[in-house]
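1. Quick one: sequence plus predicted model below, questions after.
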Amino acid sequence: MVQARMCVRSAVTNGGETLARITISGHPGSGTSTLVNGICQHKGWTSLNGGDIFRGEAKNRGLSLAEFEQICAEDESVDRSLDDILKQHLLNPEGYDVLESRLCGWWAYKLGIDCVRLWLHSSEEARAQRVVVREGISLEQAISDNKKRTNVDKVRFLEMYGINPEDKDAYTHIIDASDMNAEQVLSEVLKILEDSK
């Protein structure tokens, strides 16, 4: 099911410069990475995942991901600096076409970037099933891990920014992908992008 909240253009201008075309957000296991890959293959677009920023910053500091995660947990300013990097990418006229992270839709909304801002919803079980396939763990473990991660992130985002990633105000479109396969989701999003030109 697709819920469209407003009509937008697929390419956004800021003083004549093209900015991000679409932001994609959703909980872990909702299928955002698969969707991003599909869009980029279909359209020949470039993309950036918020996780890439995290991994890149860990590498820049000469730290393992686990070490950097620990620093982020202990020092809120590190998380804020990573979000600032994401915002810079959103505003870069020569930046990426597609940006994917839990908060990128919110940052685009707050920055006034008139792009497609998509929230990809998926039921807990559907998300857990994707994690089972990807990581080879039990369904019960996947559900438990997803709930824990979602709750930790929600509390963190509310404390840091007063933002609940699920709050629909930031998004132009919401797709419930619980009963859709990857091809169906991609088809719906390509229609949204076409209609938003």
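-> Perfect, I can see it now. Numbering: from 1, shown residues only.
2. for Ser33, helix, strand, or coil?
-> In three-state terms, and counting by DSSP: H, G, I helix; E, B strand; the rest coil, Ser33 is helix.
3. who's in contact with it?
-> Counting by Cβ atoms under 8 Å, 6 or more residues apart in numbering, Ser33 makes contact with 49, 100. From N, CA and C alone the C-beta is placed, and that goes for glycine too.
4. Go ahead and confirm Ser64 touches Ala58.
-> Yes. The pair Ser64 and Ala58 qualifies as a contact (Cβ atoms under 8 Å) at a distance of 6.9 Å.
5. Which one's more surrounded, the two?
-> A direct count of neighbours by other Cβ atoms under 10 Å for Ser64 and Ala58 places Ala58 higher, at 18 against 11.
6. Need the pLDDT of the more buried one.
-> Among the per-residue scores, Ala58 holds a pLDDT of 87.
7. Kindly indicate whether Arg156 is helix, strand or coil.
-> With three-state DSSP as the criterion, Arg156 reads helix.
8. how close does it sit to Gly162?
-> Relative to Gly162, Arg156 is positioned 12 Å away (criterion: Cβ to Cβ, to the nearest Å).
9. Likewise for His42?
-> Distance of His42 to Gly162, given as Cβ to Cβ: 36 Å.
10. higher neighbour count, the two?
-> Here His42 and Gly162 are set side by side on neighbour count (other Cβ under 10 Å), and the busier one is His42, at 13 against 7.
11. which SS state does that one fall under?
-> Taking three-state DSSP, the label given to His42 is helix.
12. Checking the residue nearest to it when sequence neighbours are not counted next. Helix, strand or coil?
-> Excluding its sequence neighbours, the residue lying closest to His42 (Cβ to Cβ, 6 or more residues apart in numbering) is Leu190, at 6.4 Å. Put simply, Leu190 is helix when judged by three-state DSSP.
13. Select the longest strand from the protein.
-> As far as residue count goes, and with DSSP state E defining each element, the longest strand of the chain is strand 116-121.
14. which helices and strands sit right next to that one?
-> Contact here means 3 or more Cβ pairs under 8 Å, 6 or more residues apart in numbering; DSSP states H and E; on that basis strand 116-121 packs against strand 22-25, helix 104-110, strand 173-176, helix 182-195.
15. contacting residues around it?
-> Under the criterion Cβ under 8 Å, 6+ apart, residues 8, 10, 21-26, 30-32, 35, 105, 108-109, 166, 168, 170-178, 185, 189, 192-193, 196 lie in contact with strand 116-121.
16. Direction-wise, compare it with helix 182-195 and give the angle.
-> An angle of 160 degrees separates the directions of strand 116-121 and helix 182-195 when computed by axes from the mean of the first three to the mean of the last three Cα atoms, to 10 degrees.
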